[in-house]
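> fold the following.
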Amino acid sequence: MNTFHKTILLGFIALSLAACATGKNAFDKGDYETALDRSVNRLQANPNNKKAQGVLIDGYRVASEFHLKRVQQFNKGGDTFMWEGIYNEYAKLNRYYQDIQRCPSCMDLVAPREYIAEQREAGERAAAVQLALGTDALAINTIETGRQAFGHFERALRYSNNIQGIDSLLSQARQVATVRVLIEPIPIHSRNLELTNEYFENKMFEYLDRYSQDRFVRFLTMSESEQQEIQPDHILSMGFDDFVLGQAKIVTKIVELKRDSVVVGQYKDNSGVEHDVFGTVKAEFTSNAKTLFSAGVLNFEIRDAYTDKVLTNRKIRSEDIWRHEWASFNGDERALNKDEIQQSKRKELPPPSPQTLFISFIDRVYEQVEGNVRQFYQNTKF
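Numbering: from 1, shown residues only. Sure, this is the predicted structure:
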């Protein structure tokens, strides 16, 4: 490429970048907010930039006319949510005003107008509409309408933070919208072992308390439901269809080990010089591996508290294996490698208690229970 063409190309790129920096492209596309923002930034850096000056002057005039016309259209339309549209149009005009205010040279080019009072009035009217819709929904007093009411009250706060009694209304709506889930105690059928579910229940409720913080769901113990006289909407029951705990298996292996070329002694030659005597060493190595196998199937079920209809049912299968290895040997230790020597130093350990095995097994079950709760109540977030 010759110098002439390079110059033309570089000039074209420079013009394109300048147009982009001044907001001309955005203005031509009707993106007034971006156009004004770029022109203001350019004029802050270079107050004499003619292109940016032109974009600012034309952009603010056209943008103001556009948004004010939109306000008129909303007023004529009479839609239920017209005030939200009007609020947003005035908000954009006020954003232009604030942007131009931070640029002294821009103030010499245009005289931006502030619409704070108009935006506030539109916000109050928009909030009043949402408040009325929320109040009507709350009066129907169902879980679904309670959630609708909560959404209306939250949207009202977006447009006005001066709503009397809004905290109380939000609290009422959340109470109506919340699904109350009774967690039934988990029965354990074991004639020979004394086991307790306290660990599992404590861990489960700790998770459920965190999970329900920002959701329309509350989990209750049996005592909470009875003491506070709360009627549940759902009943979550869990029970082991079957489980085996600590089924033992011991595998013992005996192998003969030997190693050649091992120094087994010394001798002196006729000159009195000592020499190593090499030979083969042997040992009988006995390795032991004990496993305690625990497994079970937990029936996870959620029912409608009023109709007893099953809403979801899952068979949660899980297993856990406790394993310990140790070894011993007879013979020459030098026949063993490093791992075998280390293993031979370990002694047989007594098995964990049934409760310890049960807790280890329950940990694996708990992870799946948590996942099923998340899946079923995933649409309760507000």
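> for the stretch 1-150 of the chain, which spans come out with low pLDDT?
1-22 (pLDDT under 70).
> can you do 90?
Low-confidence segments of the stretch 1-150 of the chain (pLDDT under 90): 1-35, 77-78.
> before we move on, which element is Ile235 in?
strand 234-268 (DSSP states H and E).
> helices and strands around the very next helix or strand once past that strand, which ones?
For strand 234-268, the succeeding helix or strand toward the C-terminus, using DSSP H and E, is strand 274-304. On a contact count with 3 or more Cβ pairs under 8 Å, 6 or more residues apart in numbering; DSSP states H and E, strand 274-304 meets strand 234-268, strand 310-331, helix 338-344, helix 354-376. (Each C-beta comes from the backbone N, C-alpha and C, glycine too.)
> let me know which of the ones you listed is tucked in deepest.
Greatest average neighbour count among the helices and strands packed on strand 274-304 goes to helix 354-376 (a mean of 17), per mean count of other Cβ atoms under 10 Å.
> the inter-axis angle of that helix versus strand 274-304?
50 degrees (axes from the mean of the first three to the mean of the last three Cα atoms, to 10 degrees).
> next, count neighbours for Tyr87.
25 (other Cβ atoms under 10 Å).
> are we agreed that it is in a helix?
Yes - under DSSP: H, G, I helix; E, B strand; the rest coil, Tyr87 falls within a helix.
> that one contacts Arg158, doesn't it?
No - the pair Tyr87 / Arg158 is not scored as a contact, 9.1 Å apart, by Cβ atoms under 8 Å.
> next, the buried residues of the host helix or strand of Glu65.
Per DSSP H and E: Glu65 is located in helix 50-77. Across helix 50-77, burial judged by 16 or more other Cβ atoms under 10 Å covers 51-56, 58-60, 63-64, 67, 70-71, 74.
> out of the residues you listed, which is nearest to Ala45?
Proximity of the buried residues of helix 50-77 to Ala45 (Cβ to Cβ) peaks at Ala52, which lies at 9.1 Å.
> which residue is the nearest non-sequential neighbour of Val365?
Once flanking residues are discounted, Val365 sits nearest to Ser318: 4.7 Å by Cβ to Cβ, 6 or more residues apart in numbering.
> pLDDT at that neighbour, what is it?
As predicted, Ser318 sits at a pLDDT of 89.
> quick one, what contacts it?
Ala295, Gly296, Leu298, Phe361, Arg364, Val365, Gln368 (Cβ atoms under 8 Å, 6 or more residues apart in numbering).
> same thing but at 10 Å, please
243, 294-298, 361-369 (Cβ atoms under 10 Å, 6 or more residues apart in numbering).
> my guess is Asn75 contacts Glu118. True?
No - applying Cβ atoms under 10 Å, one finds Asn75 not in contact with Glu118, separated by 11.6 Å.
> pull up the overlap in contacts between these two.
Ile86.
> quick revisit: right, so of the helices and strands packed on strand 274-304, which gets closest to Ser39?
Proximity to Ser39, assessed across the helices and strands packed on strand 274-304 by Cβ to Cβ, is greatest for helix 354-376 (48.9 Å).
> thinking again about what came up before, identify the bridge partners of the residue nearest to Val365.
Residues in a beta bridge with Ser318, per DSSP bridges, are Gly296.
> same thing with the one 5 residues further on?
In this structure, Arg323 has the following beta-bridge partners (DSSP bridges): Thr291.
> do the one 4 residues further on as well
When assigned by DSSP bridges, Ala327 has beta-bridge partners Ser287.
> show me what contacts it?
Counting by Cβ under 10 Å, 6+ apart, Ala327 makes contact with 252-253, 285-289, 336, 339-348.
> repeat for Asp167
Contacts of Asp167 (Cβ under 10 Å, 6+ apart): Phe153, Leu157.
> can you tell me the SS state at it?
helix.
> how close does it get to Ala149?
Applying Cβ to Cβ, to the nearest Å, the value for Asp167 to Ala149 is 14 Å.
> kindly report the same for Ser105.
When Ser105 is compared with Ala149 (using Cβ to Cβ), they lie 50 Å apart.
> these two: which is more packed in?
Ranked by neighbour count (other Cβ under 10 Å), Ser105 and Ala149 place Ala149 first, with 29 against 16.
> are we agreed that the more buried one is in a helix?
Yes - assigned with three-state DSSP, Ala149 falls within a helix.
> so it is in contact with Phe216, correct?
No - applying Cβ under 10 Å as the test, Ala149 and Phe216 come out as separate, 11.4 Å apart.
> what sits in contact with each of the two?
With Cβ under 10 Å, 6+ apart as the test, Ala149 and Phe216 both reach Ala173, Arg174, Val176, Ala177.
> want to throw those residues into a markdown table with distance to Thr142?
Putting the shared contacts of Ala149 and Phe216 into a markdown table (distance: Cβ to Cβ, whole Å) gives the following:
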| residue | distance to Thr142 |
| --- | --- |
| Ala173 | 12 |
| Arg174 | 14 |
| Val176 | 7 |
| Ala177 | 9 |
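> among these, which one is most surrounded by other residues?
Ala173 (26 neighbours).
> so what's the gap between the helix or strand where that residue lies and the chain middle?
For Ala173, the host element (DSSP H and E) is helix 166-177. On the basis of Cα atoms, centre = their mean, to the nearest Å, helix 166-177 is displaced by 25 Å from the centre of the chain it belongs to.
> C-terminal to it, what's the next element?
strand 179-183.
> ok, and what's touching that next one?
So strand 179-183 is contacted by 143, 201, 204-205, 208, 212, 215-222, 224-226, 230-238, 302-303, 305, 373, 376-377, 380 (Cβ under 10 Å, 6+ apart).
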